[in-house]
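Participant: Show me how the following folds:
(one chain, ligands or ions: 1)
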Amino acid sequence: MQVHEAIQKRLSIRRYADASIPAEHLDMLFKALQLAASANNYQNWEFVFVKEPELKQRLVPACSHQRFVRECAYFIAGVADPTLKWHMVDITIALTQFALQAVEFGYGTCWIGAFDEAHVKRILNIPTDKKVVICMTLGLPAGKHIPRGRKGLEEMIYLNQFGRRFEAI
Ligand SMILES: Cc1cc2nc3c(=O)[nH]c(=O)nc-3n(C[C@H](O)[C@H](O)[C@H](O)COP(=O)(O)O)c2cc1C
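Facilitator: Numbers count the residues shown, from 1 in each chain. Sure, this is the predicted structure:
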């Protein structure tokens, strides 16, 4: 699969089949995180992969009762040292690569921003001086998922000056 296909196929997956992820896929998914760009190459990121069903069940109320958190193969918490300036960007770049790599293998992901940080930290034993920046679910999609709409390019791409139309669009 080419990168542009993965970008076009990716969409948030909120229903998952009961399927596990083989080690060779996990390996490549971990690499997608590891090889991401980061500010000063600080690699200010750690990722807790949650597979244990009982833990995933406990994460549901910590994630605004989003039930698919328990159905995914892995719930991932993206953890960083919040004292470094670009921590939110670094984690986001890594998980974006991860989400695209997942598409190539036929998996789906969903960003999880609706979570109670203190609650997630307690469940996963994350140190208090670390920040849970964002979470993500990963698994084999089940059922049909409909792509969501997007703004037109003319509303977001400008040439030379803010608000000036990029005529090629
Ligand atoms: C930072 C961030 C937080 C998000 N949090 C949630 C969430 O808690 N639950 C959820 O179902 N989707 C969440 N999403 C997914 C968005 O709703 C989704 O990306 C958006 O509607 C566009 O749809 P698409 O991903 O299918 O293209 C989040 C996305 C981002 C980038």
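Participant: Contacts only, for the closest residue to residue 20 other than its chain neighbours.
Facilitator: Counting by C-beta to C-beta, 6 or more residues apart in numbering, residue 20 lies nearest to residue 73, which is 6.1 Å off, once chain neighbours are set aside. Every residue, glycine included, has its C-beta placed from N, CA and C. Neighbouring residues of residue 73 by C-beta atoms under 8 Å, 6 or more residues apart in numbering: 16, 19, 20, 21, 51, 107, 138, 139, 140.
Participant: Which of those residues are buried? Put it as a ChimeraX command.
Facilitator: Selecting only the buried entries of the contacts of residue 73 in ChimeraX, with 16 or more other C-beta atoms under 10 Å as the criterion:
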select :16,21,107,138,139,140
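Participant: Check the contacts of residue 73 against residue 128 and report the nearest one.
Facilitator: residue 51 (24.2 Å; C-beta to C-beta).
Participant: and that closest one, how far is that from the ligand?
Facilitator: Distance from residue 51 to the ligand, counting by C-beta to the nearest ligand atom, to the nearest Å: 20 Å.
Participant: do residue 52 as well
Facilitator: Taking C-beta to the nearest ligand atom, one finds residue 52 at 21 Å from the ligand.
Participant: which residues are contacting the lengthiest helix in the chain?
Facilitator: Counting residues, the longest helix found in the chain (DSSP state H) is helix 87-104. Outside helix 87-104, the residues within contact range by C-beta under 8 Å, 6+ apart are 1, 3, 6-7, 9-10, 28-29, 31-33, 35-39, 42-45, 47, 76, 78-81, 108-109, 111, 131, 133-134, 136, 138.
Participant: Enumerate the positions of it that are buried.
Facilitator: Under the neighbour-count criterion of 16+ other C-beta under 10 Å, helix 87-104 has 87-88, 90-104 buried.
Participant: ok, how many other residues are close to whichever residue of the chain sits closest to the ligand?
Facilitator: The nearest approach of the chain to the ligand comes at residue 113, 2.7 Å away (C-beta to the nearest ligand atom). Look at residue 113: counted by other C-beta atoms under 10 Å, it has 10 neighbours.
Participant: Spit out the contact partners of it.
Facilitator: Contacts of residue 113 (C-beta under 8 Å, 6+ apart): 134, 135.
Participant: do that again at 7 Å, thanks
Facilitator: The contact partners of residue 113, by C-beta atoms under 7 Å, 6 or more residues apart in numbering, come to residue 134.
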